[in-house]
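1. Predicted model follows, preceded by the sequence.
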Amino acid sequence: MKKTLIIILTILNLGAIACLVLAYGPYNGFRNWFITTTADSWHHSYFAHVIYSDEQIKTVLDSMQTYEAEGVTDASQITFSNEDPGVYESIYEEQVLKRAEGNDLYKVIEISGPKYKGYVLVVYDPSRISLYQSPRMKTGGQQMTSLAKSADAIAAVNAGGFTRNAETHAIYPYGSVIMDGKLYNDKGGNLIGFNYDNVLTLTKESPSSAVANGMRDAVSFAPFLIVNGEPTTFKNGGGYGMRPRTAVGQRKDGIVLFIVIDGDSYGTRGMDMEELTNLFIRYGAYNAANLDGGGSSSMYVD
């Protein structure tokens, strides 16, 4: 019994030493990853402060900058063409443009890499895309499967962020929300949504101005990944860390791409913003923006 206890204590001590070496050792990779990943999580951002000082956290985050692509979406560059040319410039073009047999509405592309897996939901007719808010927000919202079914949706992904009342469990949208041309929250922020011409519009104008200019459905989130073909630059990852991701983009031919990346399953770590941006570029996005990620990232199809 005594020998077993010694072995257990030794293992625990070695584990504690290994954790200390990771957290405070000469290799900064774990420190940088841990601080940026937890900082990018609304619900668990306090974790970094348990291990590191405010000064250490500030030093890491200050070294990681985001130079967001500027400007407002140029809708004139989006020319809708709902045709399969039969000739493709790359395998990625073929994956997008070649319709699934018997389905001209959408297509799901399964993607994977060394440390991630996910899906691209290709929507050929963006007029079919709309924003839906759970009718159960006062009691805590709904899971994606239930939410999609209550909206009678063929396919769905999560969109904007939210906050939760700890006592009542009620859900409140983060930032501004526009649905069917009506402004529900006027809190500013990056607006990501579709106008009445079905163009994915990324703008930092006021929500009331966006509505006046024809915004149909929109949420607030960040960062913009690509604006009018110009990608955002991330220095040292921009401080966003590796997380599950949800994002939306639109090609110049009007086809919409919803991307959801897993990062919570065994063998996955999610994506940083630079990887996510490059993924959109690979699939031909002309405009793209990040949506709520982490544990919220989910996709429902059929």
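-> Cool, the structure landed. Since we're looking at a predicted model, the values are computed, not measured.
2. Mind listing the residues bridging to the nearest residue to residue 73 once chain neighbours are set aside?
-> Distances taken as CB to CB, 6 or more residues apart in numbering place residue 201 nearest to residue 73, at 4.6 Å, with adjacent residues excluded. Backbone N, C-alpha and C define where each C-beta goes, glycine included. Here residue 201 sits in beta bridges with residue 193, going by DSSP bridges.
3. got the contact list for residue 201?
-> For residue 201, the contact set (CB atoms under 8 Å, 6 or more residues apart in numbering) comprises 72-73, 75, 191-195, 210, 215, 218, 287.
4. Residue 94: which of these is nearest?
-> When those are compared for distance to residue 94 (CB to CB), residue 287 wins out at 21.9 Å.
5. Okay, that closest one and residue 217: tell me how far apart.
-> Per CB to CB, to the nearest Å, residue 287 is found 15 Å from residue 217.
6. neighbour-wise, which of these two wins?
-> More neighbours sit around residue 287 than around the other of residue 287 and residue 217, counting by other CB atoms under 10 Å; the figures are 28 against 21.
7. Whichever strand or helix holds that one pairs with which strands?
-> Under the assignment given by DSSP states H and E, the secondary-structure element containing residue 287 is strand 285-290. As defined by DSSP bridges, the strand partners of strand 285-290 come to strand 224-227 (antiparallel), strand 245-251 (antiparallel).
8. So which of those strands is nearest residue 154?
-> Put simply, out of the strands paired with strand 285-290 the one that sits nearest residue 154 is strand 245-251, at 16.6 Å, with distance taken as CB to CB.
9. Quick one: mean pLDDT over the closest one.
-> Model confidence over strand 245-251, given as mean pLDDT, is 98.
10. now stretch 221-232
-> Summarised as a single mean, pLDDT over stretch 221-232 is 97.
11. beta partners for the residue nearest the centre of the chain?
-> By CA atoms, centre = their mean, the mean C-alpha position of the chain lies nearest to residue 246, the distance being 2.9 Å. Taking DSSP bridges as the rule, residue 246 bridges to residue 260.
12. mind saving the C-alpha coords of the strand or helix carrying residue 92 as CSV?
-> Assignment of secondary structure by DSSP H and E places residue 92 within helix 91-97. Presented in CSV, the C-alpha positions along helix 91-97 are these (Å, rounded to 0.1, in the frame of the first residue of the first chain):
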residue,chain,number,x,y,z
ILE,A,91,-10.0,20.8,-57.5
TYR,A,92,-11.4,23.4,-55.1
GLU,A,93,-13.3,25.0,-58.0
GLU,A,94,-14.7,21.7,-59.0
GLN,A,95,-15.8,20.9,-55.4
VAL,A,96,-17.8,24.1,-55.3
LEU,A,97,-19.2,24.3,-58.9
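13. Nothing else from me, thank you.
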